[in-house]
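Trainee: give the three-dimensional model of this entry:
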Amino acid sequence: MKSVLITGANRSIGLEIAKQLSQKGLFVYLGSRDLEKGNAVVKELNKNGFQNIKAIAIDTTKPETILSAKNIIEGEQGKLDILINNAGISGDFPQTTSDATIKDIQKVFDTNFFGVISVTQVFLELLKKAESPRISNITSGLGSLTLHSDPSWEYYNYKATSYVTSKAALNAFTILLAYELKDLPFKINAIDPGYTATDFNHHSGPRTVENAANFIIKHTLTAEDAPTGKFFSNEITDGTEVSPW
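Mentor: All right, here's what the predicted structure looks like:
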């Protein structure tokens, strides 16, 4: 049975990914900053027929929890097949470039960028033991520099400094990591689930968590000849799903 760790999985898209992967027969580690809340979520999932899901404490901004989670998974599985770096925050608003404080920007980067690097680096040892390791970094179209330079883009005026720059940095990290591991059977991609109705945006997005999770899983459970180091977006409508960086 393949195993997957999903950070920030006790609600919204992360939770839906956990549900769908459980139904596909994977053993799911539901990452939650608060283990008590995570256990409550898993208990409810079990009542509704979802199996092979275990809550695991992991706060991407606290190295000791990342290492503890790694030790638990290593002891139980011996490896990790899939890492989905889903945890993220939007930061406080407004986020104008001229007024955003270093403190506020750093807070967002700690979760959206540095946290992803911390988790990935710690779990690489276990991922390298898997036959077909996968790393999916959950990003946003708002991290595309190309789109942000196009006045005709639907979200052109959404220039949230902390969030946008954190996702742009995450996208760059994805490219570099995919290149570094290109000679191994890794598939490492940035995946944008699209503007989805979640707590993250006060449920203002037009997409459902079910649709978002399905898209993420589509580009995570990929074949050996699938691409790596790409940016897939649920917002792209021409059929390619490959977003410009």
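Trainee: buried ones in whichever strand or helix holds Glu44?
Mentor: Per DSSP states H and E: Glu44 is located in helix 35-47. Going by neighbour count (16 or more other C-beta atoms under 10 Å), the buried part of helix 35-47 is Gly38, Asn39, Val41, Val42, Leu45. (Glycine included, C-beta is placed from N, CA and C.)
Trainee: and these, which is closest to Thr228?
Mentor: Nearest to Thr228 out of these is Gly38 (C-beta to C-beta; 30.2 Å).
Trainee: please list all residues in contact with the closest one.
Mentor: Counting by C-beta atoms under 8 Å, 6 or more residues apart in numbering, Gly38 makes contact with Ala9, Asn10, Leu30, Gly31, Ser32, Ala55, Ile56, Ala57.
Trainee: what about the residue nearest to Ile6 when sequence neighbours are not counted, how many neighbours?
Mentor: Leaving aside its sequence neighbours, Ile6 sits nearest to Ile84 (C-beta to C-beta, 6 or more residues apart in numbering; 4.5 Å). Applying other C-beta atoms under 10 Å, we find 27 residues neighbouring Ile84.
Trainee: now do the SS call for Ile84.
Mentor: Secondary structure, DSSP: H, G, I helix; E, B strand; the rest coil: Ile84 is strand.
Trainee: give me the pLDDT for it.
Mentor: pLDDT for Ile84: 99.
Trainee: enumerate every residue touching it.
Mentor: The neighbours of Ile84, taking C-beta under 8 Å, 6+ apart as the test, are Val4, Leu5, Ile6, Thr7, Gly14, Ile17, Ile135, Ser136, Ile138, Ile216, Thr220.
Trainee: ok, now with 7 Å
Mentor: Val4, Ile6, Ile17, Ser136, Ile138, Thr220 (C-beta atoms under 7 Å, 6 or more residues apart in numbering).
Trainee: Ser162 now?
Mentor: Counting by C-beta under 7 Å, 6+ apart, Ser162 touches Gly91, Gln95, Ala100, Asp104, Ile105, Val108.
Trainee: point to the residue nearest the middle of this protein.
Mentor: Asn86 (2.5 Å; C-alpha atoms, centre = their mean).
Trainee: just give me the neighbour total for Ser98.
Mentor: 5.
Trainee: between the buried residues of helix 35-47, which is closest to Leu67?
Mentor: Nearest to Leu67, judged by C-beta to C-beta, of the buried residues of helix 35-47 is Gly38 at 17.6 Å.
Trainee: from Tyr29, how far out is the closest one?
Mentor: Per C-beta to C-beta, to the nearest Å, Gly38 is found 10 Å from Tyr29.
Trainee: Ser12 now?
Mentor: Per C-beta to C-beta, Ser12 is found 17 Å from Tyr29.
Trainee: quick one: which of these two has more around it?
Mentor: The neighbour count for Ser12 versus Tyr29, taken as other C-beta under 10 Å, is higher for Tyr29 (27 against 20).
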